[in-house]
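Asks: Mind folding the following:
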Amino acid sequence: MHVTFYTKPNCHLCDEAKLMMKLVQEDFPLTWDEVNIELDDVSHEKYMLMIPVIAKDDKILLYGSIGYVDVIGLF
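Replies: Reported below is the predicted structural model:
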């Protein structure tokens with residue numbers, strides 16, 4: 001599964017979500033493109049109150065506090 005991970009620097013929830021994604025990646029075929037919302041005005045306006053956000057095909061799958069079980073649930 002390939003997703004888009006919307007994040008920004010110095011975001012504790014984003015760091016946690018990325019760690020959870022890396023843990024899931026050890027057992028499942030998970031890849032992602034990382035988008036820094038601070039570098040993209042459209043993404044910033046859309047996701048600034050929701051990050052971190054995991055999306056696929058412009059559909060939001062998970063956002064906010066994302067745990068290991070949440071990410072596993074995508075499979």
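Asks: got the CA coordinates for the worst-scoring helix or strand of the chain on mean pLDDT in PDB?
Replies: Each helix and strand of the chain was given a mean pLDDT (mean pLDDT, DSSP states H and E); the minimum falls on helix 41-47 at a mean of 93. Backbone C-alpha positions of helix 41-47 (Å, rounded to 0.1, in the frame of the first residue of the first chain) are rendered in PDB as follows:
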ATOM      1  CA  ASP A  41       0.000  26.400   0.600                       C
ATOM      2  CA  VAL A  42      -2.800  24.100  -0.600                       C
ATOM      3  CA  SER A  43      -1.800  21.300   1.800                       C
ATOM      4  CA  HIS A  44      -1.200  23.700   4.600                       C
ATOM      5  CA  GLU A  45      -4.700  25.200   4.400                       C
ATOM      6  CA  LYS A  46      -6.300  21.800   4.000                       C
ATOM      7  CA  TYR A  47      -4.500  19.900   6.800                       C
END
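Asks: Going toward the C-terminus from that helix, what's the next helix or strand?
Replies: Towards the C-terminus, the helix or strand next in line after helix 41-47, according to DSSP states H and E, is strand 53-56.
Asks: in stretch 5-23, what's buried?
Replies: Residues 5-8, 11, 14, 17-18, 20-21 are the ones in stretch 5-23 that count as buried (16 or more other Cβ atoms under 10 Å). For every residue, glycine as well, the C-beta is placed using N, CA and C.
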